[in-house]
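Enquirer: Got a sequence here, can you model it:
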Amino acid sequence: METPQDAHATSAAAPAAPDPLVEPGAELTEDELRRYSRHIIIPEIGVTGQRRLKNAKVLVMGAGGLGSPALLYLAAAGVGTLGIVDDDEVDDSNLQRQIIHTTSRIGVPKTESAAAAIADLNPATDVVVHNVRLDSGNALEIFAGYDLILDGTDNFATRYLVNDAAAILGKPYVWGSILRFDGQVSVFWRGHGPTYRDLYPEAPPAGTVPSCAEGGVFGVLCAQIGSVMVAEAIKLITGSGRSLLGRVLILDSLEMTWREIRVRPDPELVQPTELLEDYGAFCGITAVSADEEPLPAVDARQLAELLERRAAGEEDFLLVDVREPGEAEIVSIEGARLAPRGLVLGGEIDLPRDTPLILHCKSGGRSGEVLRHLAGEGYDDVRHLDGGILAWVREVEPGKPVY
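Expert: Numbers count the residues shown, from 1 in each chain. Here you go, the predicted structure:
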């Protein structure tokens with residue numbers, strides 16, 4: 001996880017809490033008075049605050065680790081309309097932390113799985129499913145229909161896109177980020193306080209911050225950060241308390257310590273007036289064009305034959321696993337040398353130039369990225385395993401586990 005840059009931290013006072021974000025909705029029914037009674041008897045929320053929640057439209061980016069607890073608690077709190085943006089399907093590896101999904105819904109689109117769970121919890125909440133990948137072409141249109149956005153995405157390109165779309169539309173959003181045992185959460189709102197770009201003016205170099213799929217995540221951390229995100233959303237909607245606008249909470253759940261930094265708008269930062277065409281390129285992720293030459297590759301069966309020939313002294317090459325150590329503990333290819341992508345890209349691991357290299361990762365994305373990097377550094381005999389270790393297990397060693 002990228003650490004907030006000290007240059008943008010400040011000891012200045014945090015912005016004052018804004019007025020309630022949402023006007024009160026219709027009068028509460030008897031059933032609603034009973035269901036939300038524990039909220040209503042809190043003076044800071046009361047009947048009026050609960051009616052604001054009933055009238056609120058909240059968009060949740062991602063029905064994954066952070067989106068799962070956030071969606072459940074928003075529905076339980078009585079938010080009237082919940083939008084969900086996600087284009088993924090439920091996988092068994094999600095169930096360690098994505099508590100909105102169940103074993104019976106493996107293979108189902110996450111938006112549909114989440115909608116089913118919300119309907120069971122609170123049928124009065126309207127769910128709008130956006131089973132799409134957010135991009136520059138649809139972000140503004142989707143965001144326009146909501147009062148507030150919760151961003152639980154897991155990559156920098158989408159975070160900058162969410163920030164810019166929300167900033168252009170003048171909408172507040174609650175941001176959360178998790179990796180391993182660490183979490184961060186804040187509120188951003190252009191015109192009222194800082195934005196994500198004030199905290200992170202530049203994306204970290206590609207490959208230096210692993211994703212949760214690469215670095216892992218402590219499952220319960222999702223609930224710890226996700227619940228704080230929902231608390232901030234409820235406070236913004238109802239105008240209660242002091243929001244995290246201008247503050248970032250940082251959690252180390254291994255040590256169970258919280259610390260806070262304050263952030264203010266950078267007067268020299270040029271805020272976006274329109275969305276970028278390619279947020280991947282902005283974050284240093286080079287897109288592969290349709291007419292680009294395919295990367296040199298071997299398939300799983302070819303690699304198996306090459307390994308047999310190497311064992312017999314007929315081939316000389318180094319098989320390099322560019323995944324993270326924890327991934328290699330789950331499943332590995334015998335004879336591979338572990339060299340995590342981030343360390344290779346960061347120049348912390350030197351691979352031999354006088355020996356042919358075959359790279360592999362989980363499915364081929366990271367190994368392709370490392371291959372391009374090495375080619376740019378002058379390596380002239382590098383290939384990678386098409387489909388990664390998932391293809392290896394499927395075609396060569398089906399008895400091994402996948403993740």
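Enquirer: Could you tell me the model confidence score at the closest residue to residue 105 other than its chain neighbours?
Expert: For residue 105, ignoring the flanking residues on the chain, the nearest one in space by CB to CB, 6 or more residues apart in numbering is residue 113 at 4.3 Å. Heads up, the C-betas are built off the backbone N, CA and C, glycines and all. Note on residue 113: pLDDT of 98.
Enquirer: Assign residue 113 to helix, strand or coil.
Expert: Assigned with DSSP: H, G, I helix; E, B strand; the rest coil, residue 113 falls in the helix class.
Enquirer: and the lowest-mean-pLDDT helix or strand in the chain, what does it pack onto?
Expert: One helix or strand of the chain scores below all others by mean pLDDT, DSSP states H and E: helix 212-215, with a mean of 73. Here helix 212-215 touches strand 173-179, going by 3 or more CB pairs under 8 Å, 6 or more residues apart in numbering; DSSP states H and E.
Enquirer: how close does the residue nearest to residue 105 get to residue 125?
Expert: Using CB to CB, to the nearest Å, residue 113 is found at 15 Å from residue 125.
Enquirer: When the two are compared, which one has more neighbours?
Expert: Set side by side, residue 113 and residue 125 show more neighbours around residue 113, with 25 against 21, by other CB atoms under 10 Å.
Enquirer: list the contacts for the more buried one?
Expert: By CB atoms under 8 Å, 6 or more residues apart in numbering, the contact list for residue 113 reads 63, 90, 100, 101, 102, 105.
Enquirer: which stretches of the protein have low pLDDT?
Expert: Along the chain, segments meeting pLDDT under 70 span 1-18, 206-208, 210, 286-292.
Enquirer: rerun that using 80 as the cut-off
Expert: For the chain, applying pLDDT under 80 flags the ranges 1-18, 204-215, 284-293.
Enquirer: At which residues are the strands of the protein located?
Expert: Using DSSP state E, the strands of the chain run over residues 57-61, 81-85, 126-130, 148-151, 173-179, 182-188, 247-252, 257-262, 297-298, 318-321, 337-338, 357-360, 382-385.
Enquirer: strands paired with the fourth one, and their directions?
Expert: Spelled out, that is strand 148-151. Strand 148-151 pairs in its sheet with strand 57-61 (parallel), strand 173-179 (parallel), by DSSP bridges.
Enquirer: Take these and lay them out in TSV including mean neighbour count and distance to residue 370.
Expert: Formatted as TSV, these follow (neighbours: other CB atoms under 10 Å; distance: least, CB to CB, whole Å):
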stretch	mean neighbour count	distance to residue 370
strand 57-61	26	29
strand 173-179	26	20
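Enquirer: could I get those as JSON lines with distance to residue 251?
Expert: Below are the strands paired with strand 148-151 laid out as JSON lines (distance: least, CB to CB, whole Å):
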{"stretch": "strand 57-61", "distance to residue 251": "20"}
{"stretch": "strand 173-179", "distance to residue 251": "9"}
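Enquirer: Quick one: closest of these to residue 352.
Expert: When the strands paired with strand 148-151 are ranked by proximity to residue 352, the top entry is strand 173-179, at 31.0 Å, counting by CB to CB.
Enquirer: How about residues contacting the closest one?
Expert: By CB under 8 Å, 6+ apart, the list of residues contacting strand 173-179 reads 1, 65-66, 148-152, 154, 159, 162-163, 166, 183-189, 196, 209-210, 212, 215, 217, 221-222, 225-226, 228-229, 232-233, 236, 244.
Enquirer: and that strand with strand 182-188, angle?
Expert: Taking axes from the mean of the first three to the mean of the last three CA atoms, to 10 degrees, one finds strand 173-179 and strand 182-188 inclined to each other by 170 degrees.
Enquirer: Between strand 247-252 and strand 173-179, find me the angle.
Expert: Interaxial angle of strand 173-179 relative to strand 247-252 (the same axes, to 10 degrees): 20 degrees.
Enquirer: That concludes my questions; thank you for your assistance.
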